[in-house]
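In: Provide a 3D model corresponding to the input given below.
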Amino acid sequence: MPSLIQATARRRAYLLVSTFLAPVLCLHVSGARAQQASTEQLPAIEVSPPEGNRTRAQPISNDGVGTRPTAPKVAHSDHPNAAPTINPINAPTNNAPAGGASTTTAQFAGIVGAATTVITAADIASSPAQTIQEIIAQTPGVQLTTLFGGVNGARTTVDLRGFGAFATANTLVLINGRRLNDVDMSQVDLSTIPRDSIERIEITRGNSGAVLYGDNAIGGVINIVTKTGAGGPPIAMRFEAGAGSFNLLSGSVSTALNSGPWSASFFGNGIKSDGYRVNNALDQRNGIGNINYATADLSAFLTLSGDEQRLGLPGGRLVDPSIGVNQLATDRRGTATPFDYANQQGASLTSGFTKFLGNGVELIVDGGVRSKRQQSGFFGTTPFPSFASTFVDANLLTWSITPRVSVKDVIFGMPSSLLSGIDYYDATFHQNRSAFQGFAPYHMYDLAQQTVAGYWQHTIGLLPTTDFSYGARVQNINLTARDRFDAAAPFAFDTQALPLDSNETQYAMHVGIEHRFNSVFSLFGRAARAFRTPDVDERVATGPSFDAFGSPIPQTFRLKTQTSHDVEGGLRINSGPFQMQSSIYNMDLENEIHFIPALFFNVNLDPTRRYGSETSASFRASETVLFHGGFAYTRAVFREGPFAGNDVPLVSRYTVSAGVTWNIWQKYLVADATLRGWSQRFMDNDQGNTQLPIPANATIDLKLSGEYQRFFWSLSVNNVFNALYYDYAIASAFTDGRFSAYPLPGRTYLVKAGATF
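Out: Residues are numbered from 1 along each chain as shown. I've put the predicted structure just below:
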């Protein structure tokens, strides 16, 4: 597209945003005037102090009018390893009033009407699970898919509400309220976030987060809030080392510095492992550092992060009864791809400030840049590299700026909170494809995508017991895609893709309500619309394909935007030691994007539907014993087309989790146990539901840990009963009963020890 046309398109997008925000701002000017009548009888409106790591769906306290009790947590344990001397995020606590307005514990309120779960730093420390993904999977309705041996959770995907192979593209991941999802297929690898850096994980299921955060929030939003070290001692440090099965070695270090309004922190970890299978080795390092400045009316932050990962790709194990092959039984840990690998290097810089302008008004401005480089080699399934090999070298650079205004006031006698802002993202993607590293590329892809969005979300306390929220987002997506094909490059065999210049405007909407009948029982409900634009890898993977005469058909980069419409309702119970949350939902989708392995490209599916129920509960039996658990029923089905009524592949209908924490002896000895189970699911590429499904299974994990003064230790045994399972397999499109499965480890061990200073 010529530069003049691009400039015109961008001006049109900015005009769209400005006209969208103007009436919202006018609404609050008139509301501010309306409140001048008489506010003496109204309850105080909470104004949270500025904080460096900011979440758009703010943590607020339980006793304020217009607030809600939190959803049940996955666990509530006071664990010895959960509280190193590095302090958590500078948020209101029961020892630090929120701007003088409240002294109760600040909890995640989330989005009105949505099902939410909070996993705390204590929960993470106590969990026997070795990966962040397995910890998140204790949340009802969350499913996992692992193709690469499960080493440290590398590239394990988290699936909210049943999206199977495309879960990562339909789950939005944030860090401190800022997007981590990129415009490529690889999306977010949670294993690259240092586990000790996490203060809490906020999970909002369903698509209501699309208003605040935009694209990808179809199945839900996972927001990871990191620690800052603010408010602690002048110097604090923590060290930990571990060793485990498959020659696993790990180490982590964290430190925090405090001086007046300034604070700084760093969290880093490294891990090496041979992996469960042949060609399954992992070598990974991650680090994240923060510098924070905080005063009564101004806070600012600078965050730097980097990660490097080298991972072997062992591929699948073939099962084909027609020729008498079952590698799951004869060589479960082997590989047919002994040379395949995927390497990744990432770096990011984010900076911003929050300025308290008075009268409940805050200006929040932040932005950043994120770089990701990837190199992957695929060499076929023979003992030696073959002519069918592919080397992929990709670079992705994303710039962003996301200013917003938070206004908390009283409108017509009702407490009100408005968040309104603009999001701008500019991503450029370049990928070379060649037969081998060092060979001339036969495809050189260049895609550039700019998005600009305006949004607002307004929450009103209609009554002291009733909250109502509504909001909308309008987002313009401008995409340019080009392919340069070199027919003279070695092993070039197809043809050049057709160019694409696309400009599209999408919208998201949310309306939600919650009513508290008393301090124990409340009901909530919501309805929302969300969207997902195709990522660059999906566009690139729209070919090659070949006609009946073997001639290549040019790929087009063209896919339709996926949309969803959700409704949900549920209840919460908070009765002393017992907490419960339960909800039912229905989600209708149009143009769901899916990869067809037999055709080697992506398509828009016929209309699909997700519906089900999710329930979580916890019970503190005593000061030393806590029980928690969850259950979910998840259906993902085709609504129309040739597969109408069939299940979408890779989605289990039933999932269950349970756990117990027992402080056996004054934190010197603590025991934790968790169970995670799931029902059968159809294999990838089996839309017809004609193949044998992936079997149901369950795992149990145990952990003993303790602390003495500044020293701590733990011993974990995962998959105690040595279940031989897999959660991903792909069915053959040509031979009934033939499939390739990706087995996961049996029983494993991990020992850790460390100290705080």
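In: which stretches of this structure form helices?
Out: The residue ranges that make up the helices of the chain, judged by DSSP state H, are 3-34, 121-126, 132-136, 167-170, 210-213, 327-330, 536-540.
In: and those, which one's lowest on average pLDDT?
Out: Least confident of the helices of the chain, judged by mean pLDDT, is helix 3-34 with a mean of 38.
In: any stretches of the stretch 401-550 of the chain with poor pLDDT?
Out: For the stretch 401-550 of the chain, the stretches with pLDDT under 70 are 536-537, 540-550.
In: the same query, at a cut-off of 90, please.
Out: In the predicted model of the stretch 401-550 of the chain, residues 411-413, 437, 479, 481, 491-502, 533-550 satisfy pLDDT under 90.
In: and the stretch 151-300 of the chain, by the same measure?
Out: Within the stretch 151-300 of the chain, the stretches with pLDDT under 90 are 151-157, 164-169, 175-197, 215-216, 226-233.
In: one more time with 70, if that's ok
Out: For the stretch 151-300 of the chain, residues meeting the criterion pLDDT under 70 lie at 184-187.
In: contacting residues for the residue nearest to the spatial centre of the chain?
Out: Centre of the chain computed as the mean C-alpha position; nearest residue by CA atoms, centre = their mean is V173, 3.0 Å away. By CB atoms under 8 Å, 6 or more residues apart in numbering, the residues touching V173 are 179-181, 187-188, 190, 221-224. All C-beta atoms are positioned from the backbone trio N, CA, C, and that covers glycine.
In: P577: neighbouring residues, count only.
Out: Other residues lying near P577 total 12 when counted by other CB atoms under 10 Å.
In: actually P693, not the one I typed
Out: Neighbours of P693 under the rule other CB under 10 Å: 17.
In: skipping adjacent residues, who's closest to it in space?
Out: Sequence neighbours aside, Q680 is the residue nearest to P693 in space, at 4.1 Å (criterion: CB to CB, 6 or more residues apart in numbering).
In: ramachandran coordinates for the one you found?
Out: The phi/psi pair for Q680 (degrees, to the nearest 10) reads phi -60, psi 160.
In: I'd say S191 and T156 touch.
Out: Yes: with contacts counted by CB atoms under 8 Å, S191 reaches T156, the gap being 7.4 Å.
In: which residues do those two both contact?
Out: Residues touching both S191 and T156 (CB under 8 Å, 6+ apart) are 131, 133.
In: which one of the contacts of V173 has the most neighbours?
Out: Counting neighbours by other CB under 10 Å, the top entry in the contacts of V173 is V221, with 31 neighbours.
In: for that one, give me its contacts.
Out: With contacts defined as CB under 8 Å, 6+ apart, the neighbours of V221 are 171-174, 202-204, 209, 213.
In: what about the residue nearest to it when sequence neighbours are not counted, how many neighbours?
Out: In space, V221 comes closest to G209 once its chain neighbours are excluded; the distance is 3.6 Å by CB to CB, 6+ apart. Taking other CB under 10 Å as the criterion, the count of residues near G209 is 29.
In: again, but for F378
Out: When neighbours are defined as other CB under 10 Å, F378 has 18 of them.
In: repeat for N586
Out: Using other CB under 10 Å as the criterion, the residues surrounding N586 number 15.
In: now swap in the one 5 residues further on and tell me
Out: Number of residues near N591 (other CB under 10 Å) recorded here: 19.
In: then A492?
Out: Other residues close to A492 by other CB under 10 Å number 17.
In: who's in contact with the nearest residue to it once chain neighbours are set aside?
Out: Sequence neighbours aside, Y442 is the residue nearest to A492 in space, at 3.8 Å (criterion: CB to CB, 6+ apart). The contact partners of Y442, by CB under 8 Å, 6+ apart, come to 433-435, 485-487, 489-493.
In: what separates Y442 from Q431, distance-wise?
Out: Noted for Y442: a distance of 12 Å to Q431, by CB to CB, to the nearest Å.
In: also T117?
Out: From T117 over to Q431 the distance is 36 Å, taken as CB to CB.
In: higher neighbour count, these two?
Out: Set side by side, T117 and Q431 show more neighbours around T117, with 28 against 21, by other CB under 10 Å.
In: pull the contacting residues for R317.
Out: In this structure, R317 makes contact with 327-328, 331-332, 334, 336, 740-743, judged by CB under 8 Å, 6+ apart.
In: what's opposite the residue lying closest to Y725 once chain neighbours are set aside in the beta bridge?
Out: With CB to CB, 6+ apart as the measure, N697 is the residue that lies nearest to Y725, at 4.0 Å, once sequence neighbours are left out. Residues in a beta bridge with N697, per DSSP bridges, are W678.
In: report pLDDT for N697.
Out: Predicted confidence (pLDDT) for N697: 97.
In: got a list of what it touches?
Out: N697 makes contacts with 677-678, 723, 725, as judged by CB under 8 Å, 6+ apart.
In: quick one: the residue nearest to A440 when sequence neighbours are not counted from G380, how far?
Out: Closest residue to A440 apart from its sequence neighbours, by CB to CB, 6+ apart: A489 at 4.3 Å. In this structure, A489 and G380 are separated by 18 Å, where distance is defined by CB to CB.
In: now A329
Out: A329 is 24 Å from G380, by CB to CB.
In: same check, this time on R609
Out: Remark: distance between R609 and G380 (CB to CB) = 39 Å.
In: what is the nearest of the contacts of Y442 to K372?
Out: Using CB to CB, R433 is the member of the contacts of Y442 that lies nearest K372, at 17.2 Å.
In: tell me what that closest one is bridged to.
Out: If you apply DSSP bridges, the partners that R433 bridges to are V392, H443.
In: report the contact partners of it.
Out: Shown in contact with R433 (CB under 8 Å, 6+ apart): 390-392, 441-445.
In: now with 7 Å, please.
Out: The neighbours of R433, taking CB atoms under 7 Å, 6 or more residues apart in numbering as the test, are 390, 392, 441-443.
In: could you find which two of those residues are furthest from each other?
Out: By the measure CB to CB, the contacts of R433 have their two most distant members at V392 and Y442, which lie 11.7 Å apart.
In: once you drop chain neighbours, what's closest to the residue nearest to the centre of the chain?
Out: Leaving aside its sequence neighbours, V173 is closest to V188 (4.2 Å, by CB to CB, 6+ apart).
In: test my guess that the one you found contacts I175.
Out: No: contact between V188 and I175 fails when scored by CB atoms under 7 Å: they sit 8.9 Å apart.
In: any residues in contact with both of the two?
Out: Looking at what touches both V188 and I175 (by CB under 7 Å, 6+ apart), there is no common residue.
In: what residues are bridge-paired with V405?
Out: Each beta-bridge partner of V405 is listed here, defined by DSSP bridges: L363, S420.
In: who's in contact with it?
Out: Shown here is V405, whose contacts under the criterion CB under 7 Å, 6+ apart are 361, 363, 420-421.
In: got TSV for these, with neighbour count too?
Out: Converted to TSV, these look like this (neighbours: other CB atoms under 10 Å):
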residue	neighbour count
V361	17
L363	16
S420	21
G421	22
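In: need those in TSV (columns: distance to K560).
Out: Formatted as TSV, the entries for the contacts of V405 read as follows, by distance: CB to CB, whole Å:
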residue	distance to K560
V361	40
L363	37
S420	29
G421	28
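In: list the contacts for the residue lying closest to I132 once chain neighbours are set aside?
Out: Nearest residue to I132, sequence neighbours excluded (CB to CB, 6+ apart): L190, at 4.5 Å. L190 makes contact with 132-133, 153 under the criterion CB under 7 Å, 6+ apart.
In: from those residues, which single one is nearest R529?
Out: Distances from those to R529 were compared by CB to CB; the smallest belongs to Q133, at 28.2 Å.
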